[in-house]
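1. how would this look folded up:
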Amino acid sequence: MKAYATADTANVSAKPGLAARLKKEWRKNAFVYVVLVPVLLHFLVFQAFPLGFSFVLSFMDWPIIGKAEFAGFKNWETFLHDRLAWKSIGNTLLFSLYYILPTMGIGLLLALLVSVRSKLAGFFKSVYFVPVVTSFVVISGIWAWIFKGNDTGIFNYVLSWFGIGPQLFFSDSKQAMIVLASLSVFKVCGSTMVYYYAGLKSIPGHLYEAAKIDGASGWTMFWRITFVLLLPIHFYVAIFTTIGSFQIFDSAFLLTSGGPNYATTTIVYYLYQEGFVGLRMGYASVLAYVLFFIVLILSLVQRKFLGKEVHY
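-> Okay, the predicted model is just below:
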């Protein structure tokens, strides 16, 4: 028994101390820690801290200029009775309806077009992707020119060929949101094309060959093979287009300023107005967290129905 006790004591004393283990770990993975430290600092300063601070602000009355005061659940109660906040959420949902499915559908259509073997396929890939890399301010200016609400607008000029009178577009509460959504679709569909194109190239060709042998038509192969095997791409595109639709701000800010009659006031635009124009940072933080929970719930629902594994 004494011999065993002596051996255990020797083993314990032989283990290196904490400082020695840290020094050894540093020598082994020094480069990894040097690279990770700036990334972690950036995450803490620009993501973790603002997230926590905004949660604290949601319980505060802080007008930026002046002293912050604890307000309890006052900001949250204000949101529940704020008709404009609920209208902005409804407008955002309406924008998502006009934006998500057309973006996915047009992106898939463009991917199918450029996947066809042709000498001009590379040229059309570049053309379709140009709006993605073009400044949103430039595209907004072009859209304002095309959909000008008088006889000088290009779209109204085309409508006149069919005997249709000038439309107000941005000045019409029923048309403004559709025009803004079409602008975002035009801007983003090139990037969705890239995702769908990559998905199309990953589908094994022998599946189509077997379907042809069985006498399947092109339409049947699309719905039974292509569309089904693109399910992971559908899920990813649906997630990022949904998040993008609820973050829409620039088009409402540049073209309509939330009008007419608050018809294009989205949740992010309303958040901007409350936080940076009205200097109600506490209430703006509440709106930010409401936006976060809405996007989280929608993402979970999409994962439930679209986030399934596909085996080729």
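2. First-to-last residue distance for stretch 261-277?
-> Terminal residues of stretch 261-277 lie 18 Å apart, using C-alpha to C-alpha, to the nearest Å.
3. Just the buried positions in it, please.
-> Residues 262-275 are the ones in stretch 261-277 that count as buried (16 or more other C-beta atoms under 10 Å). From N, CA and C alone the C-beta is placed, and that goes for glycine too.
4. again with stretch 89-100
-> By neighbour count with 16+ other C-beta under 10 Å, stretch 89-100 contains the buried residues 89, 91, 92, 94, 95, 96, 98, 99, 100.
5. Distance to residue 300 and secondary structure added to the residues you listed, as JSON lines?
-> Below are those laid out as JSON lines (distance: C-beta to C-beta, whole Å; DSSP: H, G, I helix; E, B strand; the rest coil):
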{"residue": "89", "distance to residue 300": "18", "secondary structure": "helix"}
{"residue": "91", "distance to residue 300": "23", "secondary structure": "helix"}
{"residue": "92", "distance to residue 300": "18", "secondary structure": "helix"}
{"residue": "94", "distance to residue 300": "21", "secondary structure": "helix"}
{"residue": "95", "distance to residue 300": "21", "secondary structure": "helix"}
{"residue": "96", "distance to residue 300": "16", "secondary structure": "helix"}
{"residue": "98", "distance to residue 300": "23", "secondary structure": "helix"}
{"residue": "99", "distance to residue 300": "20", "secondary structure": "helix"}
{"residue": "100", "distance to residue 300": "16", "secondary structure": "helix"}
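6. With distance to residue 17 and pLDDT as extra columns, can I get those residues in a markdown table?
-> Listed next are the buried residues of stretch 89-100 as a markdown table, based on distance: C-beta to C-beta, whole Å; pLDDT from 0 to 100:
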| residue | distance to residue 17 | pLDDT |
| --- | --- | --- |
| 89 | 58 | 95 |
| 91 | 62 | 96 |
| 92 | 57 | 95 |
| 94 | 64 | 95 |
| 95 | 61 | 96 |
| 96 | 58 | 94 |
| 98 | 64 | 95 |
| 99 | 60 | 96 |
| 100 | 58 | 94 |
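7. Quickly name whichever of these is closest to residue 158.
-> Residue 158 lies nearest to residue 98 out of the buried residues of stretch 89-100, by C-beta to C-beta, at 20.6 Å.
8. you'd agree the closest one is up against residue 176?
-> No: Residue 98 is not in contact with residue 176 according to C-beta atoms under 8 Å; the separation is 11.1 Å.
9. that older thread, which two of the buried residues of stretch 261-277 have the greatest separation?
-> Of all pairs drawn from the buried residues of stretch 261-277, the greatest distance, 21.5 Å, lies between 263 and 275 (C-beta to C-beta).
10. right, and out of the buried residues of stretch 89-100, which lies closest to residue 163?
-> Looking across these and measuring by C-beta to C-beta, the closest to residue 163 is residue 98, at 26.2 Å.
11. What ranges does the stretch 201-312 of the chain have for its helices?
-> Using DSSP state H, counting those that start in this stretch, the helices of the stretch 201-312 of the chain run over 205-213, 218-221, 227-229, 231-246, 250-251, 267-272, 281-306.
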